[in-house]
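[1] return a 3D structure for these sequence lines:
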Amino acid sequence: RQDRKCYRDTSETMAEMRYKLHIDGVTPEARGEIENAITVVPNFPRPGLVFKDLSPVLGSPLAYKTVIDGLVARYQSKGITAVVGIECRGYCFAAPVALGLKVPFVPFRKPGKLPCKSVGVDFNLGAGGKSACFGKDRLEMREDGLQAGSKVLIIDDMLGTGATLVGACELVEKVNAEVVECACIVDLSGLKGRERVVKPVFVLIEEEDGNIA
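    Next up, the predicted model:
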């Protein structure tokens, strides 16, 4: 079993990590709160990767509000008419952003979770090319979840292989809606997810040394 001990970024082990926050007007206090809330998990989900656990961000009202306010500010003038959140951690960020933008929140679910008539897409979890395939998955939504012509923002907590975002984009377009942008809080640059997602991708918190970019 791999060592999955968690480290705070302020620890000696991960002290070299510094973040670039794409949030206008963020205060030093809020910046410090966000940086301290991100937990580093080395060698997860596979050796050589550095996972970012955002659960403590949700536990800090200042960090959480700053992240949500930053996303709302970015998209409030982009004509977004619906916000999609990907099950399940994506909901934590997508739902409050939808409230801030005063537009509908549309949850994309894993298969078999919806009792009503639904529409969905299947996709491979691997990153393509020479990357390993992690299996297959499916995303579904209520058949009436998105209207044709909707301008959609897709939000997830983390960008990994990019496969889930690709599947989400396909589902949006399957109902003749438009993906304006995909937004994630952090990403795992070692999986090169941005190279797979054709639509614009915005990452709110990047690591200055390029490990998360």
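[2] phi, psi of the residue most central in space within the chain?
    In the chain, the C-alpha nearest the mean C-alpha coordinate belongs to residue 156, at 2.5 Å (C-alpha atoms, centre = their mean). With angles defined as degrees, to the nearest 10, residue 156 sits at phi -140, psi 160.
[3] and the helices in the chain?
    For the chain, helices defined by DSSP state H occupy the ranges 28-37, 55-58, 61-75, 89-101, 163-174.
[4] buried residues in the longest one?
    Spelled out, it's helix 61-75. 63, 64, 66, 67, 68, 69, 70, 71, 72, 74, 75 (16 or more other C-beta atoms under 10 Å). Where you see a C-beta, it was placed from the backbone N, CA and C, and this is true even at glycine.
[5] buried set for stretch 140-149?
    140, 141, 145, 146.
[6] cool, stretch 44-59 as well?
    44, 49, 50, 51, 52, 53, 54, 56, 57.
[7] of the residues you listed, closest to residue 173?
    residue 54 (27.7 Å; C-beta to C-beta).
[8] my guess is that closest one contacts residue 158. True?
    Yes - using C-beta atoms under 8 Å, residue 54 is in contact with residue 158, at 7.3 Å.
[9] what do the two both touch?
    89, 185, 186 (C-beta atoms under 8 Å, 6 or more residues apart in numbering).
[10] circling back: tell me the confidence at the residue nearest to the centre of the chain?
    Residue 156 is assigned 98 on the pLDDT scale.
[11] next one: residue 189
    Residue-level pLDDT assigned to residue 189 equals 71.
[12] what's the neighbour count on it?
    18 (other C-beta atoms under 10 Å).
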